[in-house]
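Engineer: model the structure of this input:
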Amino acid sequence: MELLKGGQLTQLIKKRKRNNEMFTDEEGANIIKCILQAVDYLHSNNIVHRDLKPDNILVGDPNDLTTIKVADFGLSAKYEHSSFTELDRQVGTLIFMSPELVLKKQYSRSVDIFATGVIMYMLLTGGSHPLYNSRDFSAEKYKKELLSLN
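Structural biologist: Below is the predicted model of the structure:
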């Protein structure tokens, strides 16, 4: 079995930030395209990931950003289009949760798209999160900030 030499997307984002390198628009588009292709495959098979984040995105080769793989399906769930009864449990990583997840409402596969949007923002800003500030973080403050978007 060949070992991946790229690691997590989180590591690549941090490495680039340390080296004062930003992802180009083309690189960001390639990464997001790979993630969305994986998400589309999951959704077409009635699976929602529910914990998409840079830690769960693997980079096979940092010099070839089409080698992106989605990993860690521990919180994923099977769903039926007509019934979202299973999809009302709050799971995942808070700073990548959509408002409906935070509110513990019924949700759909769109929670994966929301998380992908957060990842895209992070790629294009050198790792910054659109709402989360590690220096001034509290779960309640973050939830309030997120819910103000509705």
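Engineer: what is the helix ranked longest in the chain packed up against?
Structural biologist: What stands out as the longest helix in the chain, according to DSSP state H, is helix 25-44. Counting contacts by 3 or more CB pairs under 8 Å, 6 or more residues apart in numbering; DSSP states H and E, helix 25-44 packs against strand 64-70, helix 110-124. For glycine as for every other residue, the C-beta is placed from the backbone atoms N, C-alpha and C.
Engineer: the last one to strand 64-70, inter-axis angle?
Structural biologist: Using axes from the mean of the first three to the mean of the last three CA atoms, to 10 degrees, the inter-axis angle of helix 110-124 relative to strand 64-70 is 150 degrees.
Engineer: dump helix 110-124 to CSV, keeping only the CA atoms.
Structural biologist: As requested, C-alpha coordinates have been extracted for helix 110-124 and formatted as CSV (Å, rounded to 0.1, in the frame of the first residue of the first chain):
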residue,chain,number,x,y,z
SER,A,110,-26.9,20.9,2.2
VAL,A,111,-24.9,20.9,5.5
ASP,A,112,-22.0,19.5,3.5
ILE,A,113,-22.2,22.3,1.0
PHE,A,114,-22.1,24.9,3.8
ALA,A,115,-19.0,23.3,5.2
THR,A,116,-17.4,23.2,1.7
GLY,A,117,-18.1,27.0,1.4
VAL,A,118,-16.2,27.6,4.7
ILE,A,119,-13.3,25.5,3.4
MET,A,120,-13.3,27.5,0.2
TYR,A,121,-13.2,30.7,2.2
MET,A,122,-10.2,29.4,4.2
LEU,A,123,-8.3,28.4,1.1
LEU,A,124,-8.7,31.9,-0.5
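Engineer: next secondary structure element downstream of that helix?
Structural biologist: Using DSSP states H and E, the helix or strand that directly follows helix 110-124 along the chain is helix 139-147.
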